[in-house]
Structures are given as structure tokens and as C-alpha cells.
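**Student:** Next come a sequence and a model predicted from it.
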Amino acid sequence: YLPVCDPMSLIGWEKCRKEAVARGLRPLLGTEIRLPEKGSLLLFPASATGYRSLVSCLNRRALPARLDGVRAVFLPARADDGLLRRLQDKVGRGNLYVGLEWGSGPWLRSLAAAAGAPLAWAQPLRWTGDARKYAVARAVFQHQPLPEAFRADATLDGLIPAASIARRFGEAGRSAMANTLRLAEGAAFAFDALDELFPDGGSELEALVRGKLDERGAGVVERERALQELRAVRRGGAAAYFLIAAEIAGFCRQRRIFFGLRGSAGASYVLFLLGMTPVDPLRHGLLFERFLNGRRDDLPDIDVDIDSSRRPELFQWLFERWRGRAAFLSSHKFFGARSALYETARAFGYGPEEAHALSRPLPMFAEPRELSRLPAGRSLGRGAAPVFHAAALLDGVFRELSLHVGGVVFAAGEVGRVLPLTRSPEGFPQLVWDKDTVERLRIFKLDLLGVRGFEVISPLGSAGGAPDGACGPVGSPPPWGIDAGDAATWKTIQE
């Protein structure tokens, strides 16, 4: 097994899952709920019900009356028989273990025995392979002097041999290790598609598209293409995706917000009928299969470019319209060479300006591992080589959570019931997972991307007296008297 217990979060679940699968291991995904002055509770979902219990606990920042479908390990800060028994009632007596660690005193075993709670080995594993990597990360995140971190004994933060545990704790240690394996076998939650997030929506979409076809007086070819796409959309479970995209487009037209469809979505005749694009894919011979086909497991991408000056207005409406059912997407930032070198230099005692002077000349997108080779032709000064070599150890280390450039996820019901959330800088719900996790789990997502150039284009419609909605989508026939086929204009564009 490869376990992870993110403190009060599920941010690392996808990376842990990938690393486990790559090594032929089973991921054991959990979280650590910190109980101030009482200890910690490690929670591992054993089913979809347990996963929802865990998400509810994190999003509400409180333990519910019941924690169904989970396996739990309690790490008490002190002997509190009443708290232990209350946790047994929440989780179920057979599902709660008391965590035994290297520094645990005899009182812990007495506490567990009195409550009839089995022990589980729960010593935190913070590094494997190279203890220096953990030392650098700890120094950077905890603002510790790095030379001291290197000198500290991190043996107990690594793998402790089973024989050592048995010698120290005897039968209690052997029992705890055996129980840990039983716990892992029972926490068999598969971190796969969350199919309950969105309803089918196919019937509503089909009725809407048929109405649009009737309005256009569409012929046989147009109707066959639309029905072919509708069948593919419904098979892929993306009907609700199209309905929300169409509603967003309608709002933009109503409020005269300039927008345009980006990428292969322009090959969809259904999106054309819904007003997402003015480009008729039948007229231009565009293949729908470029956008959605049976060989794709993931949901198709509908990326919409928005006038960046009006995007806050769109988001305000969107989060009101889908109140409690939408959330921003996150980006996971890992250390780059610049940030790794700056933070490591600070941990070595460099001042802010000195650290910036050292890191600023590095290429913008260089990776920390490249710092193991000192840059040629630079005078680094005495003592800089250890800083570079230590910074290289931050390669692949997660740095912080940030807001995605425009991704928004949607759900049929309360998004906080099934997805782990935080808050965006503007106060909107924000999913802690990134786009790769969302795409693998087939969570419904729209990318609403700000384009500054649209700030220049969009006033042209208003200046020419265009009617409401004429500002979008991009490519709509200009209603303000400009000839879209003007030869001089096209010549200028070509040049």
C-alpha cells in the first residue's frame, strides 16, 4: 500500500494514486482531522458513503454525529476515555483504532484496552529514499534554518523496521502492525468516476435542439447531423454540459458580453444551434468527431473566451445562478527552479534581496532538478554551491494551491456534499483538485477564459448602435453597418 493523510485536505490524493499505480501498489487515501488539544483523527473511506462522510467533515470543519463508511485511527494527545468512546460511537466500535507511535507511552495502551479499541501502527512516514529532501522541505515550510534541519536526526520520520517495533513494544507492536494491514484492506474506496454528480439531461437537450431546428426550418441533412450529435452527447453523459454552456452564452448575449468558442467545440452543430458559435460546421465541413467520439473516455472540452473586463460580472451571475452547485477549479503549484532557490537561500540565512539576486537570473520555467548543475559563467559567490544543491532537492515538491485561470465545475446537487472545497480569493467555492483530477473523474467543467483583446473589440458593437446580444458570439455578422466581406479589410488582415 501507498498511504497519504493530508492534514485537513484531500489535495494530494491524485498524486498519491498515480505514484501508487506506477509502482504496482494500492493507494490508501485518507485525511488527518486535527482536534485542538485532543489529538488527531485519521480517516480512510471504505466506500462512496465513507467518502461523502469525509468530504462533509472537511467542508463543514466539524465532526458529524455519524461517520459512516470509514475506517479511523485516533491519535490521542492525552488519556481521555470519554472522547475515545464518543468517537467509537461515531465511527462504529469495529472501525476505530488507537494509533501506536514510536514515542507512545504505556498510558495509550491502557486507554485502548479499557475501551476495547484495537491498536494500529500509526507512526508518520515523512520520507523514503533521501532524508535530505524532507529536511529541505521542512526547513522551507516551517521557516527553520537549513543547516540545523540537516543536522537533525530524521530516522524516526522514515521507515522503521518491523523488528524494531516488535522489540520496543512486544506483542502490542506486533498486534498493531497486523491491525494496520486489516485496516488497509477494509479501506478499499476506489477513487474513480463520481457518476452521481450530474444527471443525464439528455431529454431536455434534445427538446431544446429540436425546437431550434424547427425555428430554422432545418432540412434532412441538418436534422440527421443534430440527432447524430445528440446520440453521441448522451452516450458520453455530456448533455447537461451543453445545457449549461448554452445558458451561459444566452446570458452573455443578453448582457452584451463579447465571447467566443475556442477549439474543436466549434465542430459541433448542436453548439451552433444553441448559439455558442456563429460558424456552421455543416457549411464548412467540420467533423464532429474532432470534438466528441466514442474512443474518448473524458468529457469534451467547451472552452469559452470572454471579454476579460466583463468576466467578474459573468462569474457573479454564474455563482448566483448555480448557488451551491458550482465551484472554481484549482491549480497545483510545485516548486520551480526560481522559487526553490529563493526559498532555500532564505533557509540558509540569505536576506530577501540576496535571495532574489541569486534566483532571478534563472530561466522562468526551469525545474529545481536543473540546479544540481551550477550555472556556467556566473559568479555565485562563496558558499552558494550548497544552496543550489539543496534547492535541487525540492524537485516535485508541492508548493501551494492557486486558482485555475477559468475552470468552473458544476454539480446537480450541493457541490460541497461530494467535492472537497476551499474558498477563492473572491469568496466563491473552490475545488481543491486540479484539472487533471477533474478530467479523470469525469467531473463536469467549463473553461471561461478572459481575453483582453475583446476589451478593444466589444465597444464597437455599442458604438454602432447594435441591438442587445449583438456583441457575441465572436464572428456574428456585424449589425452596425460594417461589410464583413470588405476586400480592403481582409487584405489588411492577411498582411
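**Tutor:** Alright, I've got the coordinates. Numbers count the residues shown, from 1 in each chain.
**Student:** the strands in the stretch 51-200 of the chain, which residues?
**Tutor:** Here the stretch 51-200 of the chain has its strands, by DSSP state E, counting those that start in this stretch, at 70-76, 96-100, 119-121.
**Student:** in which helix or strand would I find residue 406?
**Tutor:** Residue 406 is part of strand 398-410, with elements assigned from DSSP states H and E.
**Student:** and of the strands of the stretch 51-200 of the chain, who's closest to residue 152?
**Tutor:** strand 70-76 (21.9 Å; CB to CB). Where you see a C-beta, it was placed from the backbone N, CA and C, and this is true even at glycine.
**Student:** Would you mind measuring from the residue lying closest to residue 157 once chain neighbours are set aside to residue 149?
**Tutor:** With CB to CB, 6 or more residues apart in numbering as the criterion, residue 157 has its nearest non-adjacent residue at 4.0 Å, and that residue is residue 126. Distance of residue 126 to residue 149, computed by CB to CB, to the nearest Å: 12 Å.
**Student:** These two: who's more crowded?
**Tutor:** More crowded of residue 126 and residue 149, by other CB atoms under 10 Å: residue 149, with 20 against 14.
**Student:** Could I get the contacting residues of the more buried one?
**Tutor:** 135-136, 138-139, 347 (CB atoms under 8 Å, 6 or more residues apart in numbering).
**Student:** So residue 54 sits against residue 72, correct?
**Tutor:** No - shown here, residue 54 and residue 72 do not form a contact pair, counting by CB atoms under 8 Å, at 9.9 Å.
**Student:** Show me the common contact partners of these two, please.
**Tutor:** With CB under 8 Å, 6+ apart as the test, residue 54 and residue 72 both reach residue 43.
**Student:** now the helix or strand hosting residue 226: how far from the chain's centre is it?
**Tutor:** Assigned by DSSP H and E, residue 226 belongs to helix 220-235. Averaging C-alpha positions (CA atoms, centre = their mean, to the nearest Å) puts helix 220-235 33 Å from its chain's average.
**Student:** Now do the next helix or strand after that helix: which elements does it pack against?
**Tutor:** Next in sequence after helix 220-235, counting helices and strands by DSSP H and E, comes helix 239-254. Applying 3 or more CB pairs under 8 Å, 6 or more residues apart in numbering; DSSP states H and E, we find helix 239-254 packed against helix 202-216, helix 220-235, helix 269-273, strand 303-307, helix 311-321, strand 445-451.
**Student:** and if we set it to 7 Å?
**Tutor:** helix 202-216, helix 311-321 (3 or more CB pairs under 7 Å, 6 or more residues apart in numbering; DSSP states H and E).
**Student:** got the angle for it vs helix 202-216?
**Tutor:** 50 degrees (axes from the mean of the first three to the mean of the last three CA atoms, to 10 degrees).
**Student:** got the buried residues for helix 239-254?
**Tutor:** 239-246, 248-249, 251-253 (16 or more other CB atoms under 10 Å).
**Student:** I'd like the average pLDDT over that helix.
**Tutor:** For helix 239-254, mean pLDDT is 90.
**Student:** now the angle from that helix to strand 303-307?
**Tutor:** 20 degrees.
**Student:** gap between helix 239-254 and the chain center?
**Tutor:** On CA atoms, centre = their mean, the centre of helix 239-254 falls 24 Å from the chain's centre.
**Student:** can you dump the C-alpha coordinates of it into PDB?
**Tutor:** What follows is helix 239-254, C-alpha atoms only, in PDB (Å, rounded to 0.1, in the frame of the first residue of the first chain):
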ATOM      1  CA  ALA A 239     -25.900  16.600 -22.200                       C
ATOM      2  CA  ALA A 240     -26.100  18.800 -19.000                       C
ATOM      3  CA  TYR A 241     -22.700  20.200 -20.000                       C
ATOM      4  CA  PHE A 242     -24.200  21.500 -23.300                       C
ATOM      5  CA  LEU A 243     -27.300  23.000 -21.500                       C
ATOM      6  CA  ILE A 244     -25.200  25.000 -19.100                       C
ATOM      7  CA  ALA A 245     -22.900  26.200 -21.800                       C
ATOM      8  CA  ALA A 246     -26.000  27.400 -23.800                       C
ATOM      9  CA  GLU A 247     -27.400  29.200 -20.700                       C
ATOM     10  CA  ILE A 248     -24.000  31.000 -20.200                       C
ATOM     11  CA  ALA A 249     -24.000  32.000 -23.900                       C
ATOM     12  CA  GLY A 250     -27.500  33.300 -23.500                       C
ATOM     13  CA  PHE A 251     -26.600  35.500 -20.500                       C
ATOM     14  CA  CYS A 252     -23.600  36.900 -22.400                       C
ATOM     15  CA  ARG A 253     -25.700  37.900 -25.400                       C
ATOM     16  CA  GLN A 254     -28.400  39.400 -23.100                       C
END
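**Student:** Paired strands for the strand holding residue 406, with orientation please.
**Tutor:** Looking at strand 398-410 with DSSP bridges, its partner strands are strand 326-334 (antiparallel), strand 445-451 (antiparallel).
**Student:** Quick check: what element follows the first one along the chain?
**Tutor:** So that's strand 326-334. Downstream of strand 326-334, the first helix or strand assigned by DSSP H and E is helix 337-347.
**Student:** what about the residue nearest to residue 157, distance to residue 136?
**Tutor:** 12 Å.
**Student:** repeat for residue 88
**Tutor:** 40 Å.
**Student:** ok, those two, which is more surrounded?
**Tutor:** Under the criterion of other CB under 10 Å, the comparison of residue 88 against residue 136 puts residue 136 first, with 26 against 18.
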